[in-house]
Every structure is written in C-alpha cells, then in structure tokens.
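Participant: return a 3D structure for these sequence lines:
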Amino acid sequence: MSRNAKIAAGGVAVGIILLFWLPWWAAVLIVLGVPAAAYLTLDPSQRRRLRRVGRKELGR
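Facilitator: You can find the predicted model right below:
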C-alpha cells in the first residue's frame with residue numbers, strides 16, 4: 001500500500017471512530033477543520049506551490 005493510501009485509510013478509520021464517540025456535527029467539524037487549519041498555517045508561497053502541484057496532479 002502506498003503512503004497516501006495508508007494516510008487515507010487512517011483518516012477514514014479516525015472519522016468512523018469519531019462518529020461513534022462524538023455527535024455527528026462535532027466529528028464533521030474536526031474532519032473538515034484540521035485540514036483547513038493546516039492550510040491556513042502555510043506561508044503564501046507554500047500555498048501557491050500546493051495549488052500548483054495540485055493542479056498538475058489533477059490534469060494527469
């Protein structure tokens with residue numbers, strides 16, 4: 001399994017555990033809020049690079 005697949009599988013597992021442990025709206029806030037907070041902590045140059053790389057990979 002590739003590294004990204006392992007990360008995705010772990011994220012799904014954590015999401016399922018959170019859905020059973022917390023109310024559904026709290027789990028959704030955590031699942032959406034953590035990546036958004038991580039994106040906001042990047043420098044403007046890092047954000048540009050991330051968007052550029054993301055567009056290139058989407059065009060494959």
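Participant: residue closest to the middle of this protein?
Facilitator: residue 35 (4.5 Å; Cα atoms, centre = their mean).
Participant: and the strand or helix carrying that one, what's buried?
Facilitator: Applying DSSP states H and E as the criterion places residue 35 in helix 24-40. Of the residues in helix 24-40, residue 27 count as buried by neighbour count, 16 or more other Cβ atoms under 10 Å. The way it works is simple: take the backbone N, C-alpha and C, and place the C-beta from them, glycine included.
Participant: next helix or strand past it?
Facilitator: helix 44-58.
Participant: just the mean pLDDT for that following helix, thanks.
Facilitator: The average pLDDT within helix 44-58 is 81.
Participant: thinking again about what came up before, and the residue nearest to the centre of the chain, how far from residue 7?
Facilitator: 12 Å (Cβ to Cβ, to the nearest Å).
Participant: with residue 17 instead?
Facilitator: According to Cβ to Cβ, residue 17 and residue 7 sit 16 Å apart.
Participant: again with residue 41
Facilitator: 18 Å.
Participant: kindly report the same for residue 42.
Facilitator: In terms of Cβ to Cβ, residue 42 sits 18 Å off from residue 7.
Participant: now do residue 15
Facilitator: For residue 15, the distance to residue 7 - Cβ to Cβ - is 13 Å.
Participant: max-length helix in the protein?
Facilitator: The helix spanning the most residues in the chain, taking DSSP state H as the definition, is helix 3-21.
Participant: got the contact list for that helix?
Facilitator: Helix 3-21 has contacts (Cβ atoms under 8 Å, 6 or more residues apart in numbering) with 1, 26-27, 30-31.
Participant: what do you get if the cut-off is 7 Å, keeping everything else the same?
Facilitator: Under the criterion Cβ atoms under 7 Å, 6 or more residues apart in numbering, residues 27, 30-31 lie in contact with helix 3-21.
Participant: that older thread, next, the angle helix 3-21 makes with the helix holding residue 35.
Facilitator: Helix 24-40 and helix 3-21 are oriented at 140 degrees to each other (axes from the mean of the first three to the mean of the last three Cα atoms, to 10 degrees).
Participant: the inter-axis angle of helix 24-40 versus helix 44-58?
Facilitator: Per the same axes, to 10 degrees, the angle that helix 24-40 makes with helix 44-58 is 110 degrees.
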